[in-house]
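In: Predicted coordinates and the sequence they were generated for:
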Amino acid sequence: MKIAIACPYAWDAPGGVQVHVQQLAGRLERRGHRVIVLAPARGAPREENVVAVGRPIRLRYNGSVAPIAPHSARSVRRALEEFGPDVVHAHEPFTPSASMHAARWSRAPVVATFHAYADRSLLLQASARLLRSIWRSIDVRIAVSEAAREHVSRAFGGQVRVIPNGVEVGLFAGAEPIELPAGRRILFVNRLDRRKGFVDMVDAFGLLAATHPDALLVVAGDGKERSAVRRLPPATRRRVVLLGSVPHHLLPPYHASCEVFCAPATGQESFGIVLVEAMAAGLPIVATDIPGYREVVRGGVDGLLVPPADPGAVAGALRQLLDDPELGKRLVDSARSRAEAYSWDAVTRQVEGAYEEAVGGA
């Protein structure tokens, strides 16, 4: 099958959708399909199967900044005409970028995946009438979680199936540790902004550090809240290891070198890829009890869930895991098994089924 996958966000910018598309494309190619990826990019993509379709601009949306290419329609149409796909897979087709144009101009059947979640999206509700033509052009609709399905169904109704994000489970399960400063290390992986809870992470570590002098905070990511570590006393600040932005494929050794994983996002998360990766790596997890996250981690079963925007609760849960290794082992045993449900082997088969249904229906 010839498959064109459209990604709305800049290919050379970090992001969960880009990682998802890259890994899905690789899996599909290994299963014998011909695949191209259409995505905005600032420079020429390294991958032979990625076609740059416009230079991205940065727009603020849903508590984050999206690098998209609204003026990429002509490039997308040209790429689709040259490739002649059997099916087009548009990720986030309501984002005014490559995916929207691919869904709009495709002559082949369209499968769409919705990744986003928000408690309430006034922009989506206000744009619903304008977006209905895009909605009707989609043959099979996918959401990465129940939260994402609720988000899009609230405005449009209709049938949307859930196929979760895939994760390279084996990559994280079999990694060798990298050398880090001695101590019991807590890992944070994400953008350093308020939506991802980095300020809460810093404040929670400040509380924990007072009672656990061997605790270290290892931070993989970058962003505008990086300066939050200055809130800590100098001695505590020296126990924070700021790695900066780490390419996704280089993350597993850091997981293998740490004792606990913490994800204190404040909301607007449709899924928890970082949680599944930590589960696969065998790390006990502290995460916030928000839609998207609690679909992945069952509280008290696969990890500990705490209220969002509550550094005291985060510190208490971290303290609980550091002081009770048996609790951590029980959570890890359950989480490792659960992570297999999100392996790319399982997810790719479901996505292929969606393609076959779209092509058969057309």
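Out: Okay, I see it.
In: In a helix, residue 181, correct?
Out: No. Assessed with DSSP: H, G, I helix; E, B strand; the rest coil, residue 181 is coil; it does not lie in a helix.
In: what domains does the record give for this structure?
Out: Taking automatic domain parsing as the domain assignment, the record places the domains of the chain at 2-166+343-361, 169-341.
In: want to throw those domains into TSV with mean pLDDT and mean neighbour count?
Out: For the C-beta atoms, the positions are set from N, CA and C on the backbone; glycine is no exception. Below are those laid out as TSV (pLDDT from 0 to 100; neighbours: other CB atoms under 10 Å):
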stretch	mean pLDDT	mean neighbour count
domain 2-166+343-361	93	19
domain 169-341	97	20
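In: Output the helix or strand hosting residue 353 as PDB - backbone C-alpha positions only.
Out: Per DSSP states H and E, residue 353 falls inside helix 344-361. Extracted C-alpha coordinates of helix 344-361, given in PDB (Å, rounded to 0.1, in the frame of the first residue of the first chain):
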ATOM      1  CA  TRP A 344       4.200  -0.400  18.000                       C
ATOM      2  CA  ASP A 345       3.500  -4.000  17.000                       C
ATOM      3  CA  ALA A 346       0.100  -3.800  18.600                       C
ATOM      4  CA  VAL A 347      -0.700  -0.200  17.500                       C
ATOM      5  CA  THR A 348       0.500  -0.600  13.800                       C
ATOM      6  CA  ARG A 349      -1.800  -3.500  13.200                       C
ATOM      7  CA  GLN A 350      -4.800  -1.400  14.400                       C
ATOM      8  CA  VAL A 351      -3.700   1.500  12.100                       C
ATOM      9  CA  GLU A 352      -3.400  -0.800   9.100                       C
ATOM     10  CA  GLY A 353      -6.900  -2.000   9.900                       C
ATOM     11  CA  ALA A 354      -8.100   1.600   9.700                       C
ATOM     12  CA  TYR A 355      -6.300   2.000   6.300                       C
ATOM     13  CA  GLU A 356      -7.900  -1.100   4.900                       C
ATOM     14  CA  GLU A 357     -11.300   0.000   6.100                       C
ATOM     15  CA  ALA A 358     -10.900   3.400   4.500                       C
ATOM     16  CA  VAL A 359      -9.700   2.000   1.200                       C
ATOM     17  CA  GLY A 360     -12.400  -0.700   1.200                       C
ATOM     18  CA  GLY A 361     -15.100   1.900   2.000                       C
END
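In: and the helix or strand containing residue 279, how far out from the chain's middle?
Out: Residue 279 belongs to helix 273-281 when assigned by DSSP H and E. Relative to the chain's own centre, helix 273-281 is displaced by 11 Å; criterion: CA atoms, centre = their mean, to the nearest Å.
In: cool, and stretch 267-277?
Out: Relative to the centre of its chain, stretch 267-277 is centred 6 Å away, using CA atoms, centre = their mean.
In: Same check on stretch 152-161?
Out: That offset, for stretch 152-161, works out to 21 Å (CA atoms, centre = their mean).
In: Would you mind giving the secondary structure of residue 230?
Out: Going by three-state DSSP: residue 230 is helix.
In: could you show me where the helices are in this protein, in order?
Out: 16-30, 73-83, 98-105, 122-137, 146-156, 169-173, 198-209, 234-237, 252-256, 273-281, 293-296, 311-323, 325-339, 344-361 (DSSP state H).
In: Next, residue 69: phi, psi?
Out: For residue 69, the backbone dihedrals (degrees, to the nearest 10) come out as phi -130, psi 90.
In: What are the neighbouring residues in contact with it?
Out: Contacts for residue 69 (CB atoms under 8 Å, 6 or more residues apart in numbering) come out as 10, 40, 53-57, 97-98.
In: Also residue 59?
Out: So residue 59 contacts 65-66, 68 (CB under 8 Å, 6+ apart).
In: do residue 33 as well
Out: For residue 33, the contacting residues are 1-3, by CB under 8 Å, 6+ apart.
In: try residue 25
Out: When the contact criterion is CB under 8 Å, 6+ apart, the partners of residue 25 are 5, 35, 37, 49.
In: just curious, which of those residues is nearest to residue 102?
Out: Residue 102 lies nearest to residue 5 out of the contacts of residue 25, by CB to CB, at 8.7 Å.
In: Is the closest one bridged to anything, and to what?
Out: Per DSSP bridges, the residues bridged to residue 5 are residue 37, residue 89.
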